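Have a look at this prediction, sequence included:
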Amino acid sequence: MNAPVRIEVRDLRLAYGTREALHGVSFDVHAHEILGIIGPAQAGKTSLLRCLNRTIDFTADARMTGSVKVDGVDVRQVKDVFGLRRKIGMVAPLPVGLPLSIYDNVAFAPRCAGLRRRDELEALVERCLRQAALWDEVKDRLHTLGTRLSGGQQQRLTIARALSHQPEILCLDEFSIAIDPVTTMRIEEVLKELRRTVTILLVTNLTQQARRLADRTLFLWKGELVELDRTEVIFSEHPRERRTYEYVNGMVG
Ligand SMILES: Nc1ncnc2c1ncn2[C@@H]1O[C@H](COP(=O)(O)OP(=O)(O)OP(=O)(O)O)[C@@H](O)[C@H]1O
Ligand SMILES: [Mg+2]
């Protein structure tokens, strides 16, 4: 792969207290790829994402060793942690609605970043809501509370909000848990388009979602990276590891 490396993870270990959740994980993420991250519950998928933008700092007893570099800079040396988190956006599995209007949920971050012109702000809000496949459902009630939306709509609002930061790298953690299949497909189409400008890490329990979307897929198992390869290899009859074959074919989980 010739695209530049955006994220370089080397021998990453993460412990919560005395329990290690990631046991020395190494991989690269290239610009403009969609990297699928699959693995059963408790494999360490969410923990891995949280190390990348240092949201792991919020867990007091979490200890990280090894190195994670973003654009060549070790994330633990980063002074501007907020800047790092703007660069690496995160969408959590369940919607986290701010108690604000739909419009303000999306306009919040750009306003904080200094965007004041109303026409520009409106255009950005519309673009993010369209990208999150929510615009048509909310365009006539942008000034009602975001928390009044249905679960699936709130999840899409969370995606719109993540996009409003204009992240260079977007981590999606099981974004479609609360979203119906048709809407999920629409967002998947958006992600494919976004890849032109954004690098995407897609954590999913739905192995078929990784198969549809990811350029490469990483299989994590009990805190260990079992295999990382082009998605067609991971889902073929002959991935390198037998465990990979068994997992993606539903024989273990
Ligand atoms: N804040 C925390 N404090 C202590 N242990 C944690 C914490 N978060 C996660 N863990 C532990 O770390 C391990 C990996 O959890 P993680 O949430 O990263 O897995 P996951 O692959 O995202 O699972 P799921 O598919 O259920 O979301 C688990 O054993 C979990 O109990
Ligand atoms: Mg998780």
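That came through fine. Numbers count the residues shown, from 1 in each chain. Ligands and ions are numbered 1, 2, ... in the order given.

going forward, measure contacts between C-alpha atoms and count neighbours the same way
Fine.

what ranges do the helices span in the stretch 1-150 of the chain?
All helices of the stretch 1-150 of the chain, identified by DSSP state H, counting those that start in this stretch, fall at 45-52, 81-87, 102-112, 118-131, 135-138.

what's the closest of those helices to residue 156?
helix 118-131 (8.0 Å; C-alpha to C-alpha).

related to what we said a few turns ago, figure out which of the helices of the stretch 1-150 of the chain is closest to ligand 1.
Across those, the minimum distance to ligand 1, taken as C-alpha to the nearest ligand atom, is reached by helix 45-52, at 3.7 Å.

From the contact counts, what lies against the closest one?
The contact analysis (3 or more C-alpha pairs under 8 Å, 6 or more residues apart in numbering; DSSP states H and E) places helix 45-52 against strand 19-30, strand 62-70.

got CSV for the ones you listed, with mean neighbour count and mean pLDDT too?
Shown next, in CSV, are the helices and strands packed on helix 45-52 (neighbours: other C-alpha atoms under 10 Å; pLDDT from 0 to 100):
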stretch, mean neighbour count, mean pLDDT
strand 19-30, 18, 98
strand 62-70, 19, 97
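
which one of those strands lies closest to ligand 1?
Among those, strand 19-30 comes nearest to ligand 1, with 4.7 Å by C-alpha to the nearest ligand atom.

Can you lay out the helices and strands packed on helix 45-52 as TSV showing distance to ligand 1?
Shown next, in TSV, are the helices and strands packed on helix 45-52 (distance: least, C-alpha to the nearest ligand atom, whole Å):
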stretch	distance to ligand 1
strand 19-30	5
strand 62-70	7
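
These: which one's closest to residue 79?
strand 62-70 (13.1 Å).

What helices and strands are in contact with that closest one?
strand 5-16, helix 45-52.

ok, and what's touching it?
Here strand 62-70 makes contact (C-alpha atoms under 8 Å, 6 or more residues apart in numbering) with 6-17, 24, 51-52, 56, 74-76.

and what of stretch 202-211?
Residues outside stretch 202-211 that contact it (C-alpha under 8 Å, 6+ apart): 34-41, 45-46, 171-175, 214, 217, 231-232, 235, 248.
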